[in-house]
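Undergrad: Test case, fold it:
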Amino acid sequence: MSFVERRNTTFVTEFILLGFPSAPEFQTSLPIMFSIIYIITVMGNVLTIGIVVINCHLHTPMYFFLANLSFLEICFISTFVPKMLVIFVSEEKSISFSNCFIQSYFFYLLVGTDFSLLTVMSVDRYVAICRPLHYDTIMSHRVCAQAILSCWITSFVLLLTPFILLVRSSFCSPNVINHFFCDSLELMRLSCDDTSALKLLTSIICFIYLLGSSSVIAMSYIYILLTILKISSSAGQHKAFSTCTSHLSMVTISYGTAIFLQIRMYEHHSKDLDKVVTLVAATLPPLLNPFIYTLRNQKVKEALRDTARRNALFKRL
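TA: Sure thing, here's the model as predicted:
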């Protein structure tokens with residue numbers, strides 16, 4: 001874009017989020033449904049954090065990571081659902097230039113941190129099962145805190161360069177984003193500049209991130225499986241593997257939806273269908289997280305029962 005063209009161009013100060021304009025028949029039911037999903041997700045993950053904090057038996061690295069994962073899920077779903085609900089129930093579809101980029105950055109920052117944390121949790125399970133005698137030494141409080149900090153820093157650093165390049169791009173009309181949130185790919189399409197290099201950089205970062213984290217998780221579970229197979233009793237095998245089922249379920253859901261969305265990016269589909277798939281993929285893991293760790297984890301269920309009994313006893317007194 002030349003200097004003269006830039007001077008004659010009106011630059012964008014806000015964006016318009018279309019949401020789901022082609023589904024007017026769902027304009028009443030969708031806000032109610034996603035309001036319920038949002039409330040259940042936040043309450044479920046807050047409850048998970050509360051159980052871990054209150055119950056001293058859960059003050060271990062595994063549940064420390066679980067509490068941080070629940071915190072991440074609350075933050076993640078809060079980046080887009082409240083604004084999406086505003087779009088559903090009102091005609092206010094605009095979002096300021098700065099707020100749009102902040103939403104986009106934190107959306108992908110939290111996604112990346114979530115994948116990093118799931119990777120760290122797989123390493124934690126590997127140490128617990130494959131090197132149980134050294135578990136307390138390896139997974140010390142300091143190491144766990146450093147691991148959490150590393151998850152945030154890694155995502156922050158990887159996303160910083162493409163985010164700066166995108167913010168510094170020129171945006172002129174049109175300013176309509178055909179999505180329910182400020183998706184970075186949609187922002188690249190609206191840019192007046194050539195964003196082919198930025199798109200390539202973003203694709204490389206996503207590929208490396210997904211490949212790197214999934215490789216670590218896969219290697220961890222290969223060693224875990226080999227160790228479990230060496231256990232002589234079936235009861236011992238079941239007990240060892242049961243400590244991994246909740247995490248493995250979350251990994252399957254999170255990575256499965258992410259890979260599915262990456263594949264769809266390179267195929268031509270209905271835009272509305274893509275938005276629905278993205279919405280389901282973004283809301284499903286945070287919603288299921290507390291249920292998976294509550295229903296499939298014996299210690300968490302015992303902690304819930306203990307808390308309920310203490311509350312009942314307190315009311316009697």
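Undergrad: make it CA atoms for all contacts and neighbour counts henceforth
TA: Fine.
Undergrad: what element comes up after the helix or strand harbouring Leu72 heading to the C-terminus?
TA: Secondary structure from DSSP states H and E places Leu72 in helix 61-78. Where DSSP H and E defines the elements, the next helix or strand beyond helix 61-78 is helix 81-89.
Undergrad: I would like the residues contacting the helix holding Leu72, please.
TA: Contact with helix 61-78 is made by 38, 41-42, 45-46, 48-49, 52, 58, 106-107, 110-111, 113-114, 117, 121, 124-125, 139-141, 144, 148, 282-283, 285-286, 289-290, as judged by CA atoms under 8 Å, 6 or more residues apart in numbering.
Undergrad: give the contact list for the nearest residue to Lys83 once chain neighbours are set aside.
TA: Excluding the flanking residues, the one nearest Lys83 by CA to CA, 6 or more residues apart in numbering is Phe181, at 7.8 Å. By CA under 8 Å, 6+ apart, Phe181 lies in contact with Leu17, Gly19, Phe80, Lys83, Met84, Gln103, Ser104.
Undergrad: My reading is that Phe181 lies in a helix. Confirm?
TA: No - assigned with DSSP: H, G, I helix; E, B strand; the rest coil, Phe181 falls outside any helix and is coil.
Undergrad: so for stretch 104-123, what's the average pLDDT?
TA: The average pLDDT within stretch 104-123 is 93.
Undergrad: Could you do stretch 222-240 as well?
TA: 84.
Undergrad: buried sites along it?
TA: Going by neighbour count (16 or more other CA atoms under 10 Å), the buried part of stretch 222-240 is Ile224, Leu225, Thr227, Ile228, Gln237, Ala240.
Undergrad: Just give me the residue closest to the centre of this structure.
TA: Val111 (3.9 Å; CA atoms, centre = their mean).
Undergrad: Report the secondary structure state of that one.
TA: Going by three-state DSSP, the state assigned to Val111 is helix.
Undergrad: For it, give its distance to Phe163.
TA: Using CA to CA, to the nearest Å, Val111 is found at 15 Å from Phe163.
Undergrad: And Ala197, by the same measure?
TA: Taking CA to CA, one finds Ala197 at 13 Å from Phe163.
Undergrad: Would you format the buried residues of stretch 222-240 as JSON lines with secondary structure and distance to Ser203 included?
TA: Shown next, in JSON lines, are the buried residues of stretch 222-240 (DSSP: H, G, I helix; E, B strand; the rest coil; distance: CA to CA, whole Å):
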{"residue": "Ile224", "secondary structure": "helix", "distance to Ser203": "31"}
{"residue": "Leu225", "secondary structure": "helix", "distance to Ser203": "32"}
{"residue": "Thr227", "secondary structure": "helix", "distance to Ser203": "36"}
{"residue": "Ile228", "secondary structure": "helix", "distance to Ser203": "37"}
{"residue": "Gln237", "secondary structure": "helix", "distance to Ser203": "40"}
{"residue": "Ala240", "secondary structure": "helix", "distance to Ser203": "37"}
